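In: Turn this into a structure:
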Amino acid sequence: MFVKVDFVGGEGMRVTQPRTVKRQARGRQRIADILDAALALFAENGYERTSTNAIAARAGMSPGSLYQFFPNKEAIADALSTHLVEQMRDAHSSAFDLARVTDLTLHELIDRMVDPLIAFNATHPGAKALLANTDMPAGAQGAARPLHEAVVDRVAAIIQARVPTLPATERDLAAMVSVRIVAAMMPPIVAAEGAERRALTAELKKALYGYLAPLDPDGS
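Out: Alright, predicted model coming up:
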């Protein structure tokens with residue numbers, strides 16, 4: 001999109017400048033810088049101990065410049081949560097490209113659900129502050145709701161596909177509990193490396209299998 005400037009050149013021609021395009025590009029880059037800074041600081045310090053001043057400093061701008069894009073930290077978390085939802089959906093979509101969930105054993109299904117989620121959180125360690133709600137005050141937890149709902153809805157849809165006779169209330173409860181199990185284990189898994197991470201991941205998968213197997217009797 002271009003904006004026209006109201007002055008006439010020497011030949012009587014109106015001059016058009018691409019100022020709006022450049023301004024929009026700078027704005028998008030600044031928003032990306034803010035979200036990247038927030039994600040890094042949430043990983044390092046947690047949500048509650050991260051201030052907007054710290055986010056602005058990490059993003060290389062003044063607090064006043066940050067407030068031109070986001071009114072407060074909750075708005076930053078809300079935008080970051082929405083952004084992470086899209087990335088997480090992409091990660092899970094790639095995990096299910098080659099097989100239908102109903103064709104997998106329960107062990108295979110858990111692998112295909114958990115492994116991309118761990119990889120996602122390892123790549124975006126600040127996401128655990130939103131997913132686990134480890135230190136977010138009650139008033140700010142709404143900012144993380146899209147991220148929670150995306151995971152819970154995904155698990156509920158898979159349970160529905162595998163056990164269509166399961167009542168909706170039991171399905172939704174099972175999905176919520178499964179996500180809580182993963183959320184509780186995610187911080188130590190992401191913090192670990194190598195053999196320790198593999199061992200913790202195996203324990204998480206065993207816990208999920210033990211919880212879900214009674215609901216999915218044909219999944220073994």
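
In: Residue 213 belongs to a strand?
Out: No: counting by DSSP: H, G, I helix; E, B strand; the rest coil, residue 213 is not part of a strand but helix.

In: That one against residue 106, yeah?
Out: Yes: in this structure, residue 213 is within contact of residue 106 by Cβ atoms under 8 Å, at 6.2 Å. (Glycine included, C-beta is placed from N, CA and C.)

In: which one of those two has more residues nearby?
Out: residue 106 (18 against 14; other Cβ atoms under 10 Å).

In: Look up how far residue 208 lies from the more buried one.
Out: 9 Å (Cβ to Cβ, to the nearest Å).

In: And for residue 184?
Out: 11 Å.

In: Residue 56 now?
Out: The separation that residue 56 has from residue 208, given Cβ to Cβ, amounts to 40 Å.

In: backbone phi and psi for residue 70, please?
Out: Per-residue torsions, residue 70: phi -140, psi 130 (degrees, to the nearest 10).

In: mind checking pLDDT for residue 2?
Out: Among the per-residue scores, residue 2 shows a pLDDT of 40.

In: ok, now residue 109?
Out: Note on residue 109: pLDDT of 89.

In: Tell me how many other residues crowd it.
Out: Considering only other Cβ under 10 Å, residue 109 is surrounded by 23 other residues.

In: Next, the contact list for the closest residue to it other than its chain neighbours, please.
Out: With Cβ to Cβ, 6 or more residues apart in numbering as the criterion, residue 109 has its nearest non-adjacent residue at 6.0 Å, and that residue is residue 101. Counting by Cβ atoms under 8 Å, 6 or more residues apart in numbering, residue 101 touches 109, 112, 158, 161, 162.

In: Look at the spatially most central residue of the chain and tell me its secondary structure.
Out: By Cα atoms, centre = their mean, the chain has its centre lying nearest to residue 84, at 2.9 Å. Secondary structure for residue 84, judged by three-state DSSP, is helix.

In: Got the domain ranges for this protein?
Out: Domain assignment for the chain by automatic domain parsing gives 1-71, 72-215.

In: so how far is the longest one off the chain centroid?
Out: From the chain centre to the centre of domain 72-215 is a distance of 10 Å (Cα atoms, centre = their mean, to the nearest Å).

In: Need the distance between the two termini of it.
Out: Terminal residues of domain 72-215 are spaced 43 Å apart (Cα to Cα, to the nearest Å).

In: Just want to know which of residue 184 and residue 208 has more residues nearby.
Out: residue 208 (22 against 13).

In: shouldn't the more buried one be in contact with residue 111?
Out: No: in this structure, residue 208 is not within contact of residue 111 by Cβ under 8 Å, at 10.2 Å.

In: Quick one: distance of the longest helix seen in the chain to the chain centre.
Out: If you go by DSSP state H, the chain has its longest helix at helix 19-45. Its chain's C-alpha centre and that of helix 19-45 lie 16 Å apart, by Cα atoms, centre = their mean.

In: average pLDDT across the helix or strand encompassing residue 66?
Out: Using DSSP states H and E, residue 66 sits within helix 63-67. Mean per-residue pLDDT for helix 63-67: 95.

In: Quick one: residues in contact with that helix.
Out: So helix 63-67 is contacted by 30, 34, 52, 53, 55, 56, 59 (Cβ under 8 Å, 6+ apart).
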